[in-house]
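Student: show me how the following folds:
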Amino acid sequence: MEHADILFLSDEGVGADWPGFLRALHGTYGNEIIVLGRGSEGAALCHGGQVFRLPAVQVGQVVNTVGAGDALFTAFNHHLAQGMDPVESLVRAQLFAANKICVSGGAEGFVGPEKIEDDRSRFGDEMLDKMQVFPL
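Tutor: A predicted model of the protein is given here:
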C-alpha cells in the first residue's frame, strides 16, 4: 500500500473512529489521497494534511445499493483524472453513486455528465456547506 498514490476503501469494519483510521493509514503509508466510502454516512477524504467528511446526498428514492461503492470509486477517479481537485471529485462521485442507487440492478443507473452537473448545481453547495474538515 505504500506504493499507491491513492487508496480507496470501504468503512466496513473500521468502526466509529474513522478519522483515526485515516490518520493511521496516512501516517503508516503516506499516500497522497485516501478515500473512505462510508455508505449512508457519505464519504471521507484524506488529502493535503486534512481529513474531509462529506455527508451522503439523496437525489431520489433509494432502491438498491448494489454497486454504490464501485460507482463512487470509478467516478472519483474519473473526475480526478479530468483535473478536478480531490474534494470536488468526491462531491461528483457521491452524486454519481447517489444516482446509481436509485435503480435496481448492478448494471443500471449510470448517469451521464449532464445529470451530474445538474445535480452538482442542485445539491453540491449544500454538501460542501455540511462538509467537516479535521486536521491530519
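Student: tell me where the chain has helices.
Tutor: Applying DSSP state H to the chain gives helices spanning 18-29, 68-81, 86-100, 113-119, 125-130.
Student: can you list contacts of the longest one?
Tutor: Pointing back at helix 86-100 there. Applying CB atoms under 8 Å, 6 or more residues apart in numbering, the external contacts of helix 86-100 come out as 33, 35, 42-43, 45, 47-48, 52, 54, 56-60, 67-69, 71-76, 78-80, 84, 109-111, 115-116, 119-120, 123-124, 127-128, 131. For every residue, glycine as well, the C-beta is placed using N, CA and C.
Student: picking that back up, mind putting the helices of the chain into TSV with mean neighbour count and mean pLDDT?
Tutor: TSV is the format used below for the helices of the chain (neighbours: other CB atoms under 10 Å; pLDDT from 0 to 100):
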stretch	mean neighbour count	mean pLDDT
helix 18-29	16	95
helix 68-81	19	96
helix 86-100	24	97
helix 113-119	15	97
helix 125-130	13	96
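Student: may I see the ones you listed arranged in a markdown table, with distance to Ile6 as well?
Tutor: Putting these into a markdown table (distance: least, CB to CB, whole Å) gives the following:
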| stretch | distance to Ile6 |
| --- | --- |
| helix 18-29 | 11 |
| helix 68-81 | 8 |
| helix 86-100 | 9 |
| helix 113-119 | 20 |
| helix 125-130 | 21 |
